[in-house]
Structures are given as C-alpha cells and as structure tokens.
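> okay, predicted coordinates and the sequence, questions at the end:
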Amino acid sequence: MPARTDRLSADVYHALAAASAAAKEGLGDPVLVELVMLRASQINRCAFCVDMHLTLARKNGVSERSLDLLQVWEETDGVFTAPERAALALTEAVTVLTDGFVPDEVYERAAAHFDAPALAHLLALITVINSWNRIMVSRRTPPGELVWQ
C-alpha cells in the first residue's frame with residue numbers, strides 16, 4: 001500500500017506531544033526515555049518512530065552498543081542498568097499485552113527501581129509511544145516524513 005499523504009490534525013499532534021513531554025519530564029533521564037520509546041517502536045514495527053528515536057537517542061547520549069543490542073537486551077550483561085532493564089521489561093509487557101495484563105513480577109520489578117511518581121510517568125511514556133506507533137503504522141508514515149500541520 002502506498003504511503004498516505006494526509007496530515008495528522010494539529011490538535012491531536014499537540015495533545016500527544018504534551019502527554020509525551022509530561023511523561024518525559026517526570027522521568028528526567030533522557031537515555032531511559034529514548035530506550036523505552038525506541039524499544040516500543042521496534043516491537044510495533046514503526047519505521048517512522050524507530051528512525052526518529054534512533055536519532056534522538058544518539059543526541060541524548062545513548063551508546064551505539066546499547067542501540068545495537070536493544071532488540072536483545074535480555075541476553076546482555078553489563079550493557080543496560082538494572083532500572084533500564086526493568087523499564088524495558090515493562091515496556092515490552094505493556095506494548096504486547098498478550099495475556100491481557102502486565103505480569104505481576106514485571107510490574108514489581110519496575111516498582112523496585114522507580115518510585116510511584118516515576119513509575120506513573122514511565123507507564124504514561126510507554127502508553128504515549130504506543131499511541132504514536134499505532135497512528136504512524138496505520139498511516140504507513142515513512143521515516144523522516146513530517147506528519148502534522
């Protein structure tokens with residue numbers, strides 16, 4: 001199917017951008033933010049978002065090694081911190097939801113590394129990137145294309 005050329009409405013864009021900014025602000029760690037956003041985008045096969053978050057990850061100091069190994073993060077030792085690993089596990093559980101819920105042990109692992117406000121912001125960040133992914137994938141938005149007015 002060819003790429004769709006319609007634009008995302010400005011009000012939807014601004015609402016999602018505001019939610020993204022609020023979630024990021026509450027976490028404060030740009031490396032963690034980009035790892036989470038990139039991992040969800042990889043799972044959702046969103047080329048637009050993967051492209052954008054690879055660029056942002058590099059700008060925010062994510063190492064090339066971390067980017068190279070992100071898809072297999074569970075198989076790595078010494079590459080990702082314990083909080084990053086907990087956030088990535090939660091990202092995968094929330095993004096996939098194959099059993100209709102996030103496993104207790106995944107949630108508890110994240111809660112051990114993030115206080116209640118940070119955990120709420122992490123869940124918001126995961127939810128927002130999944131929303132972006134679903135919009136961009138549904139619209140077949142190619143990497144690098146501007147999609148809002």
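Cool, got the structure. Numbers count the residues shown, from 1 in each chain.

> list the buried ones in stretch 72-79?
For stretch 72-79, a neighbour-count test (16 or more other Cβ atoms under 10 Å) marks 73, 79 as buried. Glycine gets a C-beta too; all of them are placed from N, C-alpha and C.

> sorry, slip of the keys, the one I care about is stretch 58-71.
Along stretch 58-71, the positions that meet the burial threshold by neighbour count (16+ other Cβ under 10 Å) are 62, 66-67, 70.

> so where is this protein shaky, pLDDT-wise?
Within the chain, the stretches with pLDDT under 70 are 1-8, 146-149.

> so which helix or strand takes in the residue nearest to the spatial centre of it?
Closest to where the C-alpha atoms of the chain average out (Cα atoms, centre = their mean) is Met37, at 1.8 Å. When elements are defined using DSSP states H and E, Met37 is found to belong to helix 30-43.

> which helices and strands does that helix pack with?
The contact analysis (3 or more Cβ pairs under 8 Å, 6 or more residues apart in numbering; DSSP states H and E) places helix 30-43 against helix 10-27, helix 47-59, helix 82-96, helix 116-138.
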